[in-house]
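Trainee: structure for this input, please:
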Amino acid sequence: MRRTATLLAFSLSLLLVVSATATTPAFASGPSSSKSFSCDALAGAQANLERWLAKLLPRHADSAQFQSIARTVALVNTWIDDRCVALNEIQVVGSHNSYHLRPRTALLQAFVGVDPAALEWEYSNRPLGEQFGDQGIRQIELDVFADPDGGLYADRLALTLIGQDPASGEPALEEPGFKVLHVQHADFESTCLTFVLCLEAIKTWSDANPRHVPIMVLIEAKDEGFFEPALPTPVFIGAQEFRELEGEIVSVFPLDRIVTPDDVRGPHASLEDAILADGWPLLGEVRGKVMFGLDNGGKRDLYLDGDPSLSGRLIFPNSFPGQPDAGFVKVNDPLGDPTLIADLVDAGYIVRTRADAGLSQGRTGDTTQRDAALASGAQFVSTDFKDPSTIVSLDPTQPFLATYEVDLPDGLAARCNPVSAPDWCRSAQLE
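Mentor: A predicted model of the protein is given here:
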């Protein structure tokens, strides 16, 4: 053990000497996909160390010396992940409509009586901080409605259908600003009633856990009517409203805590040019940060507002290859074209897909879409079933199965991407 430990110590020293030549490119000049030649050298030394540890494990796993060496190797692997693994080379699980709470039973029953599709509303998510801390969620989705004067959603008008007072009594809903809910006046229960409150919940957790991989906040800008003219028409969300939405973002997060299109584009003419030439930032540059994506493909042009360079913008639009703003692509169905997501990921794009939709997989236990989503290489895999215990079926003949859930192996918050990760990536040390 003593001779082997000496060799290990020597190899660790060599590894650190080699790693000293590895440089982390700064955002100011754009991220670099080439990383450093040292990443390959580091990977060789890393593999030797891990082989030695594997040989020692059967006889010395309980020894203090072995444990000390194992901890050092883990730290070195984290060091390598920070400098040699990029943002697009990991995979995380996200939650769908992350703020959502199941409607009150009587109200849900009333809507199901009109349209059985309302059964798709019977899911709940835990508060955002609990999702991050207890469930390992690293991508969330928020539906936002513009409310520039305040009070537009203070009354939940559908409650009159079940004889309840529609007044919410929530002061936050009386204030101007974007509100977070699923369907206006009908499916309105939320763990954070306003966009700013949701952002503050994210920042509170992030401040306490500064080493987390970036959290993607997917925003769906909503202004569709519902039961018009009986219910008020939502405020249209256009270019000006998007600027106001970004104002709310920077009211909570300073720019140095946000991964922005400018950061990724660097000196290139477009975001797509940058990701295809240089790739995405390295993990060491973006830990403890958030990034924002726009869910609505139909709102993309309004968000761009004539500037596809995304100069000064905070949100990555849902775009598609061949467009100057392309970097983030939404492909909800991983089964439609079995190779589409993997091809996008391999090319350098960041992709969000869904492991399930409409709660059907939770009732049938069918894992086909889930397994395809995780294997696809999509960096963000969204689900309604990170915690099946939060979902209770209104119809006893259609129960949810406790056996269907979506997790990464070993309960990790992030893992090395099955399509794009380099050989030296180590999932256990990503967080």
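Trainee: quick one: the strands in the stretch 151-300 of the chain?
Mentor: 179-180, 215-222, 258-259, 290-294 (DSSP state E, counting those that start in this stretch).
Trainee: I'd like to know which elements the third one is packed against.
Mentor: Based on contacts counted as 3 or more Cβ pairs under 8 Å, 6 or more residues apart in numbering; DSSP states H and E, the elements that strand 258-259 packs against are strand 290-294. For every residue, glycine as well, the C-beta is placed using N, CA and C.
Trainee: quick one: residue 221 and residue 312, what's the gap?
Mentor: 19 Å (Cβ to Cβ, to the nearest Å).
Trainee: scratch that, residue 75 is what I was asking about
Mentor: Residue 75 is 38 Å from residue 312, by Cβ to Cβ.
Trainee: before we move on, back to that, ok, residue 221 and residue 312, which is more surrounded?
Mentor: residue 221 (24 against 11; other Cβ atoms under 10 Å).
Trainee: what residues are up against residue 152?
Mentor: Taking Cβ atoms under 8 Å, 6 or more residues apart in numbering, we find residue 152 in contact with 145, 179, 232, 234-235.
Trainee: at 10 Å instead, please
Mentor: By Cβ atoms under 10 Å, 6 or more residues apart in numbering, residue 152 lies in contact with 145-146, 173-174, 176, 179, 184-185, 232-235.
Trainee: what residues does the spatially closest residue to residue 233 that is not a sequence neighbour make contact with?
Mentor: Nearest non-adjacent residue to residue 233, counting by Cβ to Cβ, 6 or more residues apart in numbering: residue 225, 5.5 Å away. If you count contacts by Cβ under 10 Å, 6+ apart, residue 225 has them with 184, 231-234.
Trainee: give me the pLDDT for residue 225.
Mentor: In this model, residue 225 is scored at 88, pLDDT.
Trainee: swap in residue 53?
Mentor: According to the model, residue 53 scores 65 on pLDDT.
Trainee: the one 10 residues further on too?
Mentor: For residue 63, the pLDDT comes out at 73.
Trainee: what separates it from residue 137, distance-wise?
Mentor: Counting by Cβ to Cβ, the gap from residue 63 to residue 137 is 37 Å.
Trainee: go on, residue 73?
Mentor: Residue 73 is 28 Å from residue 137, by Cβ to Cβ.
Trainee: quick one: low-confidence residue ranges for the stretch 301-431 of the chain.
Mentor: Within the stretch 301-431 of the chain, the set of residues satisfying pLDDT under 70 is empty.
Trainee: let me see the ranges of the strands in it.
Mentor: Under DSSP E, counting those that start in this stretch, the stretch 301-431 of the chain gives strands at 315-317, 328-330, 350-354, 380-383, 415-416.
Trainee: pull the residues that contact the second one.
Mentor: Put plainly, it is strand 328-330. Contacts for strand 328-330 (Cβ under 10 Å, 6+ apart): 216, 218, 261, 271, 275, 291-297, 315-321, 323, 340-341, 344-345, 347, 349-354, 378-380, 382.
Trainee: from those, keep the buried residues only.
Mentor: 216, 218, 261, 271, 275, 291-296, 315-320, 323, 340-341, 344-345, 349-354, 378-380, 382 (16 or more other Cβ atoms under 10 Å).
Trainee: now do the contacts for residue 93.
Mentor: Here residue 93 is in contact with 131, 135-139, 355, 373-374, 380-383, 386, 405-408, 412-415 (Cβ under 10 Å, 6+ apart).
Trainee: make it 7 Å
Mentor: 136-137, 381, 383, 386, 406-408 (Cβ atoms under 7 Å, 6 or more residues apart in numbering).
Trainee: distance of residue 202 relative to residue 223?
Mentor: 24 Å.
Trainee: more crowded one of these two?
Mentor: residue 202 (23 against 17).
Trainee: need the helices for the stretch 51-200 of the chain, in chain order.
Mentor: Counting by DSSP state H, counting those that start in this stretch, the segments of the stretch 51-200 of the chain that form helices are 64-84, 105-114, 128-135, 171-174, 195-208.
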